[in-house]
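**Q** My questions are about this predicted structure, shown below with the sequence.
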Amino acid sequence: MAVQLNHTIVHARDNRESAAFFTELLGVGVTAEWGPFIAVELANGVTLDFATIPADRITPQHYAFLVSEEEFDAAYEKITARGTEHWADPHMKQPGQINRNDGGKGVYFTDPAGHYLELITVPYGGRPER
């Protein structure tokens, strides 16, 4: 069997709030609730398992999501409608903008727990050849 990422635990101040943030923004669904986890499944079968932990124990992580142009546009509309601070770059020097890296679209923002999120429509390095 080829090695695949199956799930990762995402620390949150409130696992329900963070799971709702992802499901509403990205149009994905909660697939399971068990123990301290609320699992949100992505299109490739990987789940983000949100777990509530004390805020002072959360170390912000970076999560990048490859999305279609349509998914990007829908999510970006929600980001701007909510007044969510966002940037075209990871250094937060281009506020309120998106980037056009590699011929696609990209944006950086944070989730309710302070994790750094990125949406991109083209993988780094450009579109894969078909």
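**A** Looks like it arrived, so ask away.

**Q** who touches the nearest residue to Ile38 once chain neighbours are set aside in this structure?
**A** Using CB to CB, 6 or more residues apart in numbering and skipping residues adjacent in sequence, the residue nearest Ile38 is Ala19, 4.3 Å away. The way it works is simple: take the backbone N, C-alpha and C, and place the C-beta from them, glycine included. By CB atoms under 8 Å, 6 or more residues apart in numbering, Ala19 lies in contact with 12, 30, 38, 40, 50.

**Q** Now, of those, which are buried?
**A** 12, 30, 38, 40, 50 (16 or more other CB atoms under 10 Å).

**Q** does the third one have beta-bridge partners, and which?
**A** What that stands for is Ile38. Beta-bridge partners of Ile38, counted by DSSP bridges, are Glu33, Phe50.

**Q** List the contacts of it.
**A** 15-16, 19, 30, 32, 49-50.

**Q** Dump those residues to JSON lines, plus pLDDT and distance to Glu118.
**A** What follows is the contacts of Ile38, written out as JSON lines (pLDDT from 0 to 100; distance: CB to CB, whole Å):
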{"residue": "Asn15", "pLDDT": "98", "distance to Glu118": "22"}
{"residue": "Arg16", "pLDDT": "97", "distance to Glu118": "23"}
{"residue": "Ala19", "pLDDT": "98", "distance to Glu118": "19"}
{"residue": "Val30", "pLDDT": "95", "distance to Glu118": "22"}
{"residue": "Ala32", "pLDDT": "92", "distance to Glu118": "25"}
{"residue": "Asp49", "pLDDT": "98", "distance to Glu118": "20"}
{"residue": "Phe50", "pLDDT": "98", "distance to Glu118": "18"}
